[in-house]
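S.K.: This is a predicted model, with the sequence first.
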2 protein chains.
Amino acid sequence: MTDLRKTVERFWAAAEARDWDTFAGTLAEDVVYTLPQTRERISGRERYVQFNREYPGDWHLQIERMVAEPGQVVTWLRFTVGLEEMYGISFFTGTERIGSITDFWPEPYEPPTGRDHLTERY
Amino acid sequence: MTDLRKTVERFWAAAEARDWDTFAGTLAEDVVYTLPQTRERISGRERYVQFNREYPGDWHLQIERMVAEPGQVVTWLRFTVGLEEMYGISFFTGTERIGSITDFWPEPYEPPTGRDHLTERY
């Protein structure tokens, strides 16, 4: 649909393959990576590639859903580290290369009481 | 851009306004709401409207970002309950009315050690 969509597909495929040259090639030199949950930010391609290269664990990812419009893409990942399974949601902006990434990593929690007359568990 | 985008804008505006008739009008009768973090699911418009109408607290929302393509929309909300501020990320599918909603509610956490040579806090 858009160039950025293809770039983001290449970005995740390269991450899964640990192909850090291809991965770097999807990023603008002044890319900014933001993690609102920890209020961390990483500025610049070199640091961001290093962050990913050093990320611990035998992690693997699959794209569960992707939504793209010109200049903006969102992915919902299924991310596994050993037996642990997580969700990762990433908002991308950019033109051909990725200019910004904002990641969210929601964790499992127990549902509050008082709504099981409406919900079922799966 | 798409009809679903406009429907989702109406959905959130109606939620903020507690206008449950307009809110119900954005939903397919067999809408399915899924919360992967708690593994809860709500099936059907009537139950889902009730879930929102009964949701406790003086909550307010603002759309921080929205990405839409035909048949799919994602919103990233800034959601406040009193002094507490949260993020909400919602994946919608549907045609004119909303057929499915999948919500994520990521919580703040402390960053792991060993990466502060790459990150700054904000």
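M.R.: Done, it's in.
S.K.: and A:Leu118, how many neighbours?
M.R.: 19 (other Cβ atoms under 10 Å in any protein chain shown). Where C-beta positions appear, they are placed from N, C-alpha and C, glycine not excepted.
S.K.: What are the boundaries of the strands in chain A?
M.R.: A:27-35, A:40-43, A:59-69, A:72-81, A:84-94, A:98-104, A:120-121 (DSSP state E).
S.K.: Nearest to A:Asp21, out of those strands?
M.R.: strand A:27-35 (11.3 Å; Cβ to Cβ).
S.K.: Mind listing the strands the closest one pairs with, and their directions?
M.R.: strand A:40-43 (antiparallel), strand A:98-104 (parallel) (DSSP bridges).
S.K.: What are the contacting residues of the shortest one?
M.R.: Same thing as strand A:40-43. Strand A:40-43 is contacted by residues A:30-35, A:48, A:51, B:111, B:115, B:118-122 when judged by Cβ atoms under 8 Å, 6 or more residues apart in numbering or on different chains.
S.K.: that older thread, out of the strands paired with strand A:27-35, which is the most enclosed?
M.R.: Mean neighbour count (mean count of other Cβ atoms under 10 Å in any protein chain shown) peaks for strand A:98-104 among these, with a mean of 20.
S.K.: what distance separates that one from the centre of its chain?
M.R.: 7 Å (Cα atoms, centre = their mean, to the nearest Å).
S.K.: about what we covered before: could you dump the strands of chain A to JSON lines with distance to B:Arg39?
M.R.: Below are those laid out as JSON lines (distance: least, Cβ to Cβ, whole Å):
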{"stretch": "strand A:27-35", "distance to B:Arg39": "25"}
{"stretch": "strand A:40-43", "distance to B:Arg39": "28"}
{"stretch": "strand A:59-69", "distance to B:Arg39": "15"}
{"stretch": "strand A:72-81", "distance to B:Arg39": "14"}
{"stretch": "strand A:84-94", "distance to B:Arg39": "12"}
{"stretch": "strand A:98-104", "distance to B:Arg39": "18"}
{"stretch": "strand A:120-121", "distance to B:Arg39": "5"}
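S.K.: looking at these, which is closest to A:Phe11?
M.R.: Closest to A:Phe11 of those, according to Cβ to Cβ: strand A:98-104, at 6.4 Å.
S.K.: so that closest one versus strand A:84-94, what angle?
M.R.: Angle of strand A:98-104 versus strand A:84-94, following axes from the mean of the first three to the mean of the last three Cα atoms, to 10 degrees, is 150 degrees.
S.K.: and the angle for strand A:98-104 with strand B:59-69?
M.R.: 140 degrees.
S.K.: avg pLDDT for strand A:98-104?
M.R.: The pLDDT scores in strand A:98-104 average 98.
S.K.: quick check: angle from it to strand B:72-81?
M.R.: Using the same axes, to 10 degrees: strand A:98-104 against strand B:72-81 is 60 degrees.
S.K.: Need the residues that contact strand A:98-104.
M.R.: With Cβ under 8 Å, 6+ apart, strand A:98-104 has contacts from A:4, A:7-8, A:11, A:26-28, A:30-37, A:48, A:88-94, B:87, B:89, B:104, B:106.
S.K.: Out of these, which end up buried?
M.R.: Neighbour-count burial (16 or more other Cβ atoms under 10 Å in any protein chain shown) applied to the contacts of strand A:98-104 gives A:4, A:7-8, A:11, A:26-28, A:31-37, A:48, A:88-94, B:87, B:89, B:104, B:106.
S.K.: before we move on, back to that, which of the contacts of strand A:40-43 sit farthest apart?
M.R.: A:Asp30 and B:Pro111 (22.4 Å).
S.K.: Show the pLDDT at the residue nearest to A:Val49 when sequence neighbours are not counted.
M.R.: Among residues not flanking A:Val49 along the chain, A:Ala24 sits closest, at 5.0 Å (Cβ to Cβ, 6 or more residues apart in numbering or on different chains). pLDDT, A:Ala24: 98.
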